[in-house]
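In: sequence and predicted structure are below.
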Amino acid sequence: MSFQISDSFLDTVRHALEAGEGERLREIFYEMHPADVAEVLNDLEEEEAVAAYKFLDEEVAAETLLLLEDDIREKILEGLSSKEIAEQLIDNLQSDDAADVLSELSDEQQDEVLSHVEDVDQASDIVDLLNYDEDSAGGVMAKELVKVHLNKNVWECIREIRNQADEVKNIYTIYVVDDDEKLVGLLSLKSLLTKNLRTPIIEVYIPDFISVKTNTPAEEVAMLMDKYDLVVIPVVDSLNRLVGRITFDDMVDVIREENTEDAQKMGAVEALEEPYMATPFWQMIRKRVGWLVILFVGETLTATAMSFFQDQIAKAVILAIFVPLIISSGGNSGSQATSLIIRALALGEITVRDWWKIMKKEFQSGLVLGIILGVIGFCRVALWSNFVQDYGPHWMIIGITVGVALVGVVLWGTLTGSLLPLLLKRVGLDPAVSSAPFVATLVDVTGLVIYFTVSILLLRGIIL
């Protein structure tokens with residue numbers, strides 16, 4: 001059963017902090033999962049969270065630190081000496097998590113912390129991880145793993161697992177390497193349990209496996225693990241030497257960050273480096289104002305487009321009534337299409353090479369959707385003409401004009417929304433920047449041109 005935070009629970013923690021009841025706080029946090037502890041601390045005031053953190057068990061404290069909001073984690077690290085960070089945190093974390101903590105410190109403090117790490121191999125592993133791009137496989141992998149040489153037997157492999165078990169948090173797979181430390185295959189736990197202890201590893205290992213290079217983008221790693229339903233994937237260097245492994249829980253964080261970034265970009269906001277509540281006010285303004293200005297300038301083109309048709313509007317004011325209907329329909333259809341395409345690109349369901357198939361599919365979809373809205377638009381004019389005299393005796397041709405314009409605008413919006421992300425991807429840009437608001441603004445302008453062009457063609461000589 002998951003832990004649920006209540007106001008009364010938070011009040012209990014606060015009262016214990018105010019009274020300085022250290023033992024009471026230790027009892028409260030005893031055997032709580034680090035994720036639950038982090039949730040509690042994140043709900044406290046910053047100073048309260050820092051004070052409560054001091055009463056956590058070392059192992060729980062280390063895991064909890066990774067899950068805290070950035071500002072609270074920063075405050076906690078500021079209050080610890082380099083030696084305390086090394087002994088209380090680094091020694092209790094896997095190499096990848098330890099590297100994440102150290103990456104938030106200055107280069108000088110990183111060196112100080114590493115100098116206090118007693119295990120030289122652990123310090124070396126952390127330094128290696130810090131040198132990789134944080135968005136690459138090398139940047140998210142852990143160095144801890146279980147490996148066995150190809151020339152060993154099952155019994156020697158089991159003994160090796162026992163020797164390495166304390167360092168490895170979860171053992172999913174045993175990796176088989178040759179004398180040059182090159183990855184040659186995998187060994188399942190089932191094989192170890194069912195084979196004779198004297199059986200050579202070379203007779204039971206699996207030579208077929210999926211691996212990634214240290215420079216493989218983390219997002220691509222996530223897609224591979226999803227495609228092949230992997231809980232762990234080995235990482236090799238340019239010489240195919242085994243250097244680490246990536247587990248599914250690391251990929252959950254990567255996927256969450258990528259989804260958050262894409263969602264923010266699709267909302268016409270630059271990606272935030274920190275959580276919403278931790279983002280400073282003026283940084284939030286800076287992240288939002290750029291796209292707002294671009295979209296505002298784009299919308300001014302709508303007024304410019306209307307000015308070209310002001311004579312037609314003056315002759316038939318009724319045309320202006322349907323402007324919001326027309327441009328919103330086009331913008332909505334474009335936003336739908338761009339959202340679907342961006343998500344499909346992110347999941348690897350489509351590539352830029354599929355542009356022709358996508359265009360044909362979206363042309364058909366846009367045409368059908370446009371016809372449906374066009375029929376509804378015509379029916380709306382026909383229905384209202386029975387109750388009001390705004391449309392005059394030419395209500396039918398006005399209804400047809402609105403219907404035909406809706407078909408054109410929705411079709412254009414659908415094609416624009418689907419092809420623009422592919423174009424951006426083709427030129428090396430992030431498709432997410434073709435955000436729904438951007439597509440909507442673009443379609444607003446072109447939608448007006450389509451609407452008034454159709455109006456001129458169908459209404460010329462009748463009411464224009």
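Out: Done, it's in.
In: let me see the domain layout of this structure.
Out: 7-132, 147-247, 276-459 (automatic domain parsing).
In: just put these in CSV and tack on mean pLDDT and distance to residue 253.
Out: Glycine gets a C-beta too; all of them are placed from N, C-alpha and C. Converted to CSV, those look like this (pLDDT from 0 to 100; distance: least, CB to CB, whole Å):
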stretch, mean pLDDT, distance to residue 253
domain 7-132, 87, 10
domain 147-247, 88, 9
domain 276-459, 80, 16
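In: doesn't residue 170 lie inside a strand?
Out: No. Counting by DSSP: H, G, I helix; E, B strand; the rest coil, residue 170 falls outside a strand, being coil.
In: show me the contacts for the nearest residue to it once chain neighbours are set aside.
Out: Of all residues not flanking residue 170 in the chain, residue 247 sits nearest, at 6.9 Å (CB to CB, 6 or more residues apart in numbering). With contact set as CB atoms under 8 Å, 6 or more residues apart in numbering, residue 247 has these partners: 142, 170, 172, 231-232.
In: ok, which pair from the residues you listed is furthest apart?
Out: Greatest spacing in the contacts of residue 247, by CB to CB: 142 and 231 (13.4 Å).
In: which of the two has more neighbours?
Out: Per other CB atoms under 10 Å, whichever of residue 142 and residue 231 has more neighbours is residue 142, with 23 against 12.
In: show the pLDDT at that one.
Out: Turning to residue 142, the model gives it a pLDDT of 89.
In: so it sits against residue 94, correct?
Out: Yes. With contact defined as CB atoms under 8 Å, residue 142 reaches residue 94; the gap is 4.9 Å.
In: pretty sure residue 235 sits in a helix.
Out: No. Using three-state DSSP, the secondary structure at residue 235 is strand, not a helix.
In: quick check: it vs residue 241, distance?
Out: For residue 235, the distance to residue 241 equals 10 Å [CB to CB, to the nearest Å].
In: so for those two, which residue has more residues nearby?
Out: residue 235 (26 against 13).
In: now residue 214, nearest residue through space, not along the chain?
Out: residue 138 (3.5 Å).
In: need the three-state assignment for residue 133.
Out: Put simply, residue 133 is coil when judged by three-state DSSP.
In: correction: the previous question concerned residue 127.
Out: Classification of residue 127 using three-state DSSP returns helix.
In: ok, residue 426 touching residue 354?
Out: No. At 11.7 Å, residue 426 does not count as touching residue 354 under the criterion of CB under 8 Å.
In: columns distance to residue 257 on top of the domains of the chain, output as JSON lines?
Out: What follows is these, written out as JSON lines (distance: least, CB to CB, whole Å):
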{"stretch": "domain 7-132", "distance to residue 257": "12"}
{"stretch": "domain 147-247", "distance to residue 257": "9"}
{"stretch": "domain 276-459", "distance to residue 257": "12"}
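In: out of the ones you listed, flag the one nearest residue 260.
Out: Among these, domain 276-459 sits nearest to residue 260 (CB to CB), with 9.8 Å.
In: just to revisit the earlier point, look up how far residue 84 lies from the residue nearest to residue 170.
Out: Note on residue 247: its distance to residue 84, by CB to CB, is 28 Å.
In: for the stretch 51-200 of the chain, just list every one of the helices.
Out: Here the stretch 51-200 of the chain has its helices, by DSSP state H, counting those that start in this stretch, at 58-67, 70-78, 82-84, 95-102, 107-115, 120-130, 137-140, 154-164, 189-194.
In: what comes into contact with the third one?
Out: When you say that, I think you mean helix 82-84. 109, 112-113, 115-116.
In: which of these sits closest to residue 209?
Out: Distances from residue 209 to those, taken by CB to CB, are shortest for residue 113, at 35.3 Å.
In: do you know how far that closest one is from residue 214?
Out: 23 Å.
In: now do residue 88
Out: 29 Å.
In: the more surrounded of these two?
Out: Per other CB under 10 Å, whichever of residue 88 and residue 214 has more neighbours is residue 214, with 20 against 17.
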